[in-house]
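K.L.:
dropping the sequence and predicted coords here.
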Amino acid sequence: MRRNIINKIIVGTLVFTGVSCTGDYMDINSNPYQPGTDDMQADDYMLGSAMNNLSSCVVSSDVNTAQFTDCLLGGPMGGYFSDTNTGWGNTIGNFNATDNWTNVFLKSDKLIPQLFTNLTSVQNISEKTENPVPFAIAKIIKVAAMSRVTDTYGPIPYSKIGLDGAVTTPYDSQEVVYKQFFTELDEAIATLNDNPGAALAATADYVYSGNINKWILFANSLRLRLAMRIVYANQTLAEQEAQKAIQGGVIESNNDNAKWSYFGSIVNPLYTATRYNSATDHACLTGGDTHAAADIICYMNGYNDPRRSKYFVPSEWTGYEYVGVRRSINRSTLGADAHKYSGVNVGQSDPIMWMNAAEVAFLRAEAVAVFGFTGMGGTAKDFYERGIELSFEQWGAGSAVDYINNATSKPGIYDDPSGANSYGSQLSTITVKWNEGDTPDVKQERIITQKWIANWMLGNEAWADFRRTGYPRLIPADPAGNKSGGVVDNELGARRMPFPTDEYVSNKANVEAAVSSYLKGADNYATRVWWDCNSKIR
């Protein structure tokens, strides 16, 4: 009975809307996000609601929010998804999105207000029950969620956000935000290590079912991800944080992957978002909004990658088993054939992945091979090959031996079945097999390319890696599809998201101060965030 009550509470706070939101995000009717008290007299009931609402803020369980952040922003910018709704004139992928597209990470009530309101609730419960573990885990979730926000815009409101999550506050520089992330992870991990006998009810934790040790592994793995993110901005700090992560223990098994797997009576939001307007006679089983991108399918076709059937729905084009849509194009060229391209293979009950073991292995490989970090616990080659093995295992793709030893296959060329948006140049000559004699640059491309393939659907992470390293090499924006008015370079793509224009009304002084003090350029798609300072990418 107790579990049923908690489930009802959670379902009530995580209701999806059933229609596409792309007309105007902020007009969507929202369900209350603050835990109520009428039906939640017991602290554990309130804790279950608050903790699961927090988890919903990493990749949002709200389908409309997730569509914007992961299908229409991270997906296209990271080379995983492509917009295929021919009725859209202003999109992130065309670098001319309107405010109701660009404001979601910063202004949606499903993210920052929900995060900070429930964080406060968890803190109060932890103090009342004298159990610091829930609040420590809540801090880890907070860092995971807010890292996606700062990586999108650069400077953001953070340290001065109030208990209600209101963002009409001064901004912090991205450097300050990242340093606070590391401090918060320090605090959370220390608390968990100091309370090995404490527990979190499984009904309050649909990530690790209350397993404190696994939360420590995720926190350290998240630290490693963030450390490598800032490596070109502050290599000394990056190495220190990476070493601290390894010393504390990181995810090394798929059994420890960080993934949120509670939807109750609803379904995975990305399942719904990639199937809007689906027609029953379309073999791809996808709607008019999102399909798989040409970029990743070109790489995986070239490598004859057995994970393709796990990632994609076969296309309806004769002679093209898997073929994606080129990103940043004039979508009117798709005509009535948009539905024929490969769809995104995601199930209704598939968990939302936050971080997998393969990514952690590739992070360690890059740290050793490219930057010479010590204390990573192994060789770059071993980590690289282990990353591939872990990904194959995660997706049930069989043995990775032949794939790892393939020294000849290269990414394919994009041949658009419609003939409208082909790209005749080879994206890359990078092969799969490790070669210890390669330069650090080649090793980095090899590592990041395989990390990108393994991180399928984690588009915001892929976009961050592309900006940080220049890899994987993606198909440039089509000049006819680049609607930025000359602001965005076709090959470099968007480097950040502009602040919502509403910020210049509701938080005018603070956003103007942030642009003046913390951005190294205009508030547009082309200006780089703090950690995007790799001198090779210009």
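P.N.:
Okay, I see it.

K.L.:
which residues touch the nearest residue to Asn301 once chain neighbours are set aside?
P.N.:
Leaving aside its sequence neighbours, Asn301 sits nearest to Gly412 (Cβ to Cβ, 6 or more residues apart in numbering; 4.6 Å). Glycine gets a C-beta too; all of them are placed from N, C-alpha and C. Residues near Gly412 by Cβ atoms under 8 Å, 6 or more residues apart in numbering: 298-299, 301-302.

K.L.:
can you pull out the helices in the stretch 401-538 of the chain?
P.N.:
401-404, 440-454, 459-469, 503-506, 508-518 (DSSP state H, counting those that start in this stretch).

K.L.:
go through those and pick out the most buried.
P.N.:
With neighbours taken as mean count of other Cβ atoms under 10 Å, the helices of the stretch 401-538 of the chain reach their highest mean count in helix 459-469, at a mean of 24.

K.L.:
so for that helix, what's the average pLDDT?
P.N.:
The pLDDT scores in helix 459-469 average 99.

K.L.:
quick one on the thing from earlier: so how far is Arg308 from the residue nearest to Asn301?
P.N.:
12 Å (Cβ to Cβ, to the nearest Å).

K.L.:
coming back round to it: Serialize the helices of the stretch 401-538 of the chain to a markdown table and add fields for distance to Asn85.
P.N.:
Converted to a markdown table, these look like this (distance: least, Cβ to Cβ, whole Å):
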| stretch | distance to Asn85 |
| --- | --- |
| helix 401-404 | 35 |
| helix 440-454 | 25 |
| helix 459-469 | 17 |
| helix 503-506 | 27 |
| helix 508-518 | 30 |
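
K.L.:
right, and the ones you listed - which one's nearest Val149?
P.N.:
Closest of these to Val149 is helix 459-469, at 9.8 Å (criterion: Cβ to Cβ).

K.L.:
still on that earlier bit, just the buried ones from the contacts of Gly412, in ChimeraX syntax?
P.N.:
Buried members of the contacts of Gly412 can be picked out in ChimeraX with the line below, counting by 16 or more other Cβ atoms under 10 Å:
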select :298,299,301,302
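
K.L.:
out of the contacts of Gly412, flag the one nearest to Gly324.
P.N.:
Cys298 (7.5 Å).

K.L.:
circling back: tell me the one of the contacts of Gly412 nearest Pro155?
P.N.:
Tyr299 (33.4 Å).

K.L.:
sorry, back to before: what's the overlap in contacts for Gly412 and Arg308?
P.N.:
Asn301.

K.L.:
returning to that earlier point: the helices of the stretch 401-538 of the chain: which one's closest to Gln180?
P.N.:
That would be helix 508-518 among these, by Cβ to Cβ, at 14.4 Å.

K.L.:
can you tell me what sits against that closest one?
P.N.:
Contacts for helix 508-518 (Cβ under 8 Å, 6+ apart): 154-155, 157, 168-171, 173-174, 499, 503-504, 522-523, 530.

K.L.:
in strands, which of those appear?
P.N.:
Counting by DSSP state E, no part of these is found in strands.

K.L.:
which of those count as buried?
P.N.:
Of the contacts of helix 508-518, these count as buried by 16+ other Cβ under 10 Å: 154-155, 157, 170-171, 173-174, 499, 503, 523, 530.

K.L.:
which residues does the closest residue to Gln180 other than its chain neighbours contact?
P.N.:
Spatial nearest neighbour of Gln180, chain neighbours left out: Ser159 (6.2 Å); criterion: Cβ to Cβ, 6+ apart. By Cβ under 8 Å, 6+ apart, the contact list for Ser159 reads 172, 176-177, 180.

K.L.:
and which of those is nearest Pro479?
P.N.:
Val177 (35.1 Å).

K.L.:
thought that closest one was touching Met146?
P.N.:
Yes: assessed by Cβ atoms under 8 Å, Val177 is found in contact with Met146 at 7.5 Å.

K.L.:
got any residues that touch both of these two?
P.N.:
156, 158.

K.L.:
just the CA atoms of stretch 423-443, as CSV, please.
P.N.:
This file holds the C-alpha atoms of stretch 423-443, laid out as CSV (Å, rounded to 0.1, in the frame of the first residue of the first chain):
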residue,chain,number,x,y,z
TYR,A,423,27.0,15.8,-49.1
GLY,A,424,29.7,14.5,-51.4
SER,A,425,32.8,14.9,-49.2
GLN,A,426,34.0,12.2,-46.8
LEU,A,427,33.3,13.3,-43.2
SER,A,428,36.4,11.7,-41.8
THR,A,429,39.1,9.2,-42.5
ILE,A,430,39.2,8.0,-38.9
THR,A,431,39.1,4.2,-38.4
VAL,A,432,38.2,2.2,-35.3
LYS,A,433,41.3,0.2,-34.5
TRP,A,434,43.6,1.9,-31.9
ASN,A,435,47.1,2.9,-33.1
GLU,A,436,49.5,3.8,-30.4
GLY,A,437,51.7,5.6,-32.9
ASP,A,438,49.1,8.2,-33.8
THR,A,439,49.4,11.8,-32.8
PRO,A,440,47.3,13.0,-29.8
ASP,A,441,45.0,14.8,-32.2
VAL,A,442,44.2,11.6,-34.1
LYS,A,443,43.8,9.7,-30.9
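
K.L.:
that one: which residues count as buried?
P.N.:
For stretch 423-443, by 16+ other Cβ under 10 Å, it's 423, 427-428, 430-432, 434, 443.

K.L.:
turn those into JSON lines, including distance to Ser221 and pLDDT.
P.N.:
Output for the buried residues of stretch 423-443, formatted as JSON lines (distance: Cβ to Cβ, whole Å; pLDDT from 0 to 100):
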{"residue": "Tyr423", "distance to Ser221": "35", "pLDDT": "98"}
{"residue": "Leu427", "distance to Ser221": "29", "pLDDT": "96"}
{"residue": "Ser428", "distance to Ser221": "27", "pLDDT": "98"}
{"residue": "Ile430", "distance to Ser221": "25", "pLDDT": "99"}
{"residue": "Thr431", "distance to Ser221": "28", "pLDDT": "99"}
{"residue": "Val432", "distance to Ser221": "24", "pLDDT": "99"}
{"residue": "Trp434", "distance to Ser221": "22", "pLDDT": "99"}
{"residue": "Lys443", "distance to Ser221": "21", "pLDDT": "99"}
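
K.L.:
among these, which ones are in strands?
P.N.:
Using DSSP E, none of the buried residues of stretch 423-443 sit in strands.

K.L.:
and the residues you listed as a markdown table, adding distance to Phe263?
P.N.:
Below are the buried residues of stretch 423-443 laid out as a markdown table (distance: Cβ to Cβ, whole Å):
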| residue | distance to Phe263 |
| --- | --- |
| Tyr423 | 37 |
| Leu427 | 36 |
| Ser428 | 37 |
| Ile430 | 37 |
| Thr431 | 40 |
| Val432 | 35 |
| Trp434 | 39 |
| Lys443 | 40 |
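
K.L.:
between those, which is nearest Lys139?
P.N.:
Lys443 (34.5 Å).

K.L.:
next one: that closest one from Gln450, what distance?
P.N.:
Using Cβ to Cβ, which is the criterion applied here, Lys443 is 11 Å from Gln450.

K.L.:
report pLDDT for Asp24.
P.N.:
Per-residue confidence at Asp24 stands at 51 (pLDDT).

K.L.:
with Lys160 instead?
P.N.:
Reported pLDDT for Lys160: 95.

K.L.:
equivalent analysis for the one 10 residues further on, please.
P.N.:
In this prediction, Pro170 carries a pLDDT score of 97.

K.L.:
leaving out sequence neighbours, find the closest residue to it.
P.N.:
That would be Asn510: by Cβ to Cβ, 6+ apart, it lies 4.9 Å from Pro170.

K.L.:
what about the helices in the stretch 251-400 of the chain?
P.N.:
If you assign secondary structure with DSSP H, counting those that start in this stretch, the helices in the stretch 251-400 of the chain sit at 269-273, 294-302, 308-311, 357-369, 380-395.

K.L.:
meant to ask about the stretch 101-250 of the chain, not that
P.N.:
Using DSSP H, counting those that start in this stretch, the helices of the stretch 101-250 of the chain run over 104-107, 112-129, 133-153, 174-194, 212-229, 235-248.

K.L.:
what comes up buried for the second one?
P.N.:
So the one you mean is helix 112-129. 112-126.

K.L.:
do the same with stretch 81-101
P.N.:
81-86, 88, 91-97, 99-101.
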